[in-house]
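[1] Sequence and predicted structure below; questions after.
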Amino acid sequence: MRTTLEMNTKDLPEIWQAAYRILGQTVISTQLVAWVQPLEFLGTEPRGGRLVVKMRAPNVFSMNWLKDNHQRNLNDAFTQVIGMACDVEISLRLESDGEAADSFTLPESMVLGESSATVQESFPPPSVSVPSPAPQLISMPARSSRELSLEPRYTFSSFVVGASNQFAQASAVAVAEQPARQYNPLFLYSPPGLGKTHLLHAIGNHFLSKHPQGRVGYLSAERFVNELVESVQKFKMPQFRSKYRDSFDLLLIDDIQFIAKKTASEEEFFHTFNALHSSKRQIVVTSDRSPKEIDGLEERVRTRFEWGLIADITPPEIETRIAILKTKAERDDIYLPDDVATFLGSYVKSNVRELEGILIRLQAQASLTGAEISLVMAKHELKVSVPDEGSSFTVESIQNAASKYFKIKVQDLRSTSRARTVALPRQVAMYLARKYTGLGFREIGGYFGGKDHSTVMHGCRKIEEEIESNDEIRQAVESIQNLL
């Protein structure tokens, strides 16, 4: 086979597709589709007794990540196909190629795995030197972020990045930099209070900063449903459809799980999605669970979400929690001693919103009393939900306390029984284990008879919601914490 850059262009698709098939045997399918598939194969060039395979990445983000993680896999795949030693050289698509280079880079510590991102495996085959056309922005008057209901404070610069949210943040930046290029739709999911809404606003704000004449639509799925109902009642469906299918370059929808089991809403969203996607306009949605875990979601809608990139956010590690507290304190001009930040970050583990709420309450106390925020004040504020200094929690100690309070056996918590007398105590114990031990959903499930991670996630989310409105549940949680 010819091995010069000027080889017959008919050979290029065959070489690349053969190499792509080999890569499919060694590279995780989600990574293959998300990162390798968008590469463009330009040709080959002999250099120093080896063959240089020229590839082109769509942005710096992809180029750096592939060099760090799959350089050897790429070299080996082309070596097998061409029959001589190959070095893959990845360059960046230039502005003259019809696409501007990105200005961001991928953090070295990022690792993409099956649990961090999911993309549809039946993606089109790799391309050969065919740059994607740039999406055309709709020419309409610019609107301020406030008119769009975007929160100006929620930007990428104000988002604290850690291992728990690094991939989601990088994916959001990629979409904001180059909407509708590769990751369309972008689906962000996490339990409540971990920052997915912040990222959604940040995407919109960043997009507007680069494209002042662009149009961004931001709304909750509940608002989408309510507007649909009102449009039906007032015979204004043509206006409703025109608004969401024709008016935006970037559509951001929060809490998309709300449309599940609402037939008319799913129908309208399905056609809205198709209209936007086919015209190369970006869609970003958030949810409190992954597409596969949204009960009652139509399969055709679920598969649309899986066309693009799915990224989750997990509860932050202690370093990130402390950084979040310090960042908010600095932004709001609050004096926060290091020992208080460390104390709060050590005990409030599962919810960023809860962390920030505690800081606001401490600031209010300090303002009313004229005293500075101190460790004593922080301990007093958390006297119900935080253990005495030096005490420690384990899943076993939480199970023992829960079984004592609910007057059941520890073995019942680990059983398969779904009776409310057992299911509720089990969910409370799971919630407390998640809050205090820092273990993942799968690890916690192992302590409760091998429960699936989605079962643990559902139980934790349910108790977290019930605490806000159900006095009985709140009293049970507080009583078990006191027993601990």
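    In hand now; what should we look at?

[2] what's the distance between Gly450 and Tyr436?
    21 Å (CB to CB, to the nearest Å). The way it works is simple: take the backbone N, C-alpha and C, and place the C-beta from them, glycine included.

[3] Neighbour count: these two, which is higher?
    Tyr436 (23 against 11; other CB atoms under 10 Å).

[4] so where does that one fall, helix or strand?
    Assigned by DSSP states H and E, Tyr436 belongs to helix 420-437.

[5] Which residue ranges of the stretch 151-300 of the chain form helices?
    Along the stretch 151-300 of the chain, the stretches classed as helices by DSSP state H, counting those that start in this stretch are 166-177, 196-210, 221-233, 237-246, 263-278, 299-305.

[6] Tell me which strands whatever helix or strand comes next after the last one pairs with, and in which orientation.
    Later in the chain than helix 299-305, the nearest helix or strand by DSSP H and E is strand 309-312. Based on DSSP bridges, the strands next to strand 309-312 in the sheet, each with its direction, are strand 117-118 (antiparallel), strand 186-189 (parallel).

[7] contacting residues around the longest one?
    When contacts are defined by CB atoms under 8 Å, 6 or more residues apart in numbering, strand 186-189 is touched by residues 168, 171-172, 175, 196, 199-200, 203, 282-291, 305, 308-313.

[8] following the helix holding Tyr436, which helix or strand comes up?
    helix 441-447.

[9] mind giving me the domain split of the chain?
    11-95, 166-312, 318-381, 395-483 (automatic domain parsing).

[10] and Phe156, which of those domains is closest to it?
    Across these, Phe156 has its closest neighbour in domain 166-312 (4.8 Å, CB to CB).

[11] that older thread, out of the helices of the stretch 151-300 of the chain, which is closest to Val428?
    Taking CB to CB, helix 196-210 is the member of those nearest to Val428, at 25.3 Å.

[12] Please name every helix or strand in contact with that closest one.
    Judged by 3 or more CB pairs under 8 Å, 6 or more residues apart in numbering; DSSP states H and E, helix 196-210 is in contact with helix 166-177, strand 186-189, strand 216-220, strand 250-254, strand 282-287.

[13] one step back: okay if I get the helices of the stretch 151-300 of the chain as TSV plus distance to Val477?
    Below are the helices of the stretch 151-300 of the chain laid out as TSV (distance: least, CB to CB, whole Å):
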stretch	distance to Val477
helix 166-177	29
helix 196-210	25
helix 221-233	27
helix 237-246	41
helix 263-278	34
helix 299-305	33
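
[14] how much space between His458 and Thr416?
    His458 is 16 Å from Thr416, by CB to CB.

[15] neighbours of the residue nearest to His201 when sequence neighbours are not counted, just the number please.
    Leaving aside its sequence neighbours, His201 sits nearest to Tyr154 (CB to CB, 6 or more residues apart in numbering; 3.5 Å). Neighbours of Tyr154 under the rule other CB under 10 Å: 19.

[16] how about Tyr154, what does it touch?
    Contacts of Tyr154 by CB under 8 Å, 6+ apart are 197-198, 200-202, 205.

[17] what's the spacing between Ser415 and Gly440?
    Ser415 is 22 Å from Gly440, by CB to CB.

[18] Equivalent analysis for Phe406, please.
    25 Å.

[19] How about Ser171?
    Ser171 is 21 Å from Gly440, by CB to CB.

[20] Comparing these two, which residue is more hemmed in?
    Higher neighbour count among Ser171 and Gly440: Ser171, with 26 against 16, using other CB under 10 Å.

[21] Do I have it right that the more buried one meets Leu309?
    Yes - assessed by CB atoms under 8 Å, Ser171 is found in contact with Leu309 at 5.7 Å.

[22] what's the weakest-modelled helix or strand in this protein?
    Ranking every helix and strand in the chain by mean pLDDT, DSSP states H and E puts strand 117-118 at the bottom, with a mean of 36.

[23] Does Glu151 touch Ala202 like I think?
    No - in this structure, Glu151 is not within contact of Ala202 by CB under 8 Å, at 9.3 Å.

[24] what's the distance between the strand or helix carrying Asp68 and the middle of its chain?
    In this structure, Asp68 is located in helix 60-82 according to DSSP H and E. What separates the centre of helix 60-82 from the centre of its chain is 26 Å, taken as CA atoms, centre = their mean, to the nearest Å.

[25] Can you list the buried residues in it?
    In terms of neighbour count (16 or more other CB atoms under 10 Å), helix 60-82 has its buried residues at 60-66, 69-70, 73-79, 81-82.

[26] what does stretch 282-297 give?
    Quick answer for stretch 282-297 (16+ other CB under 10 Å): 282-291, 294, 297.

[27] pLDDT below threshold where in the chain?
    By pLDDT under 70, the low-scoring segments of the chain are 1-11, 28-31, 34, 61, 93-148, 349-350, 383-392, 438.

[28] Go again with 50.
    Low-confidence segments of the chain, defined by pLDDT under 50: 1-10, 95-124, 129-147, 384-391.

[29] Lys236: neighbour count?
    14.

[30] That one: what's it in contact with?
    Taking CB under 8 Å, 6+ apart, we find Lys236 in contact with Glu230.

[31] any idea how far Gly49 is from it?
    For Lys236, the distance to Gly49 - CB to CB - is 70 Å.

[32] If you count contacts, what does the helix or strand where Val52 lies end up packed against?
    Using DSSP H and E, Val52 maps to strand 50-57. Contact here means 3+ CB pairs under 8 Å, 6+ apart; on that basis strand 50-57 packs against strand 40-47, helix 60-82, strand 86-92.

[33] do that again at 10 Å, thanks
    helix 11-26, strand 40-47, helix 60-82, strand 86-92 (3 or more CB pairs under 10 Å, 6 or more residues apart in numbering; DSSP states H and E).

[34] Could you dump the ones you listed into TSV with distance to Ser220 added?
    Output for those, formatted as TSV (distance: least, CB to CB, whole Å):
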stretch	distance to Ser220
helix 11-26	39
strand 40-47	38
helix 60-82	29
strand 86-92	37
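
[35] residues contacting the closest residue to Cys86 other than its chain neighbours?
    Nearest-residue entry for Cys86: Phe78, 4.1 Å, with adjacent residues in sequence omitted and distances by CB to CB, 6+ apart. Going by CB atoms under 10 Å, 6 or more residues apart in numbering, Phe78 touches 15-16, 18-19, 22-23, 41, 44, 51-53, 55, 84-88.

[36] Ok, Pro337 next?
    So Pro337 contacts 329, 343, 372-375, 378 (CB under 10 Å, 6+ apart).

[37] how close does it sit to Leu362?
    Counting by CB to CB, the gap from Pro337 to Leu362 is 11 Å.
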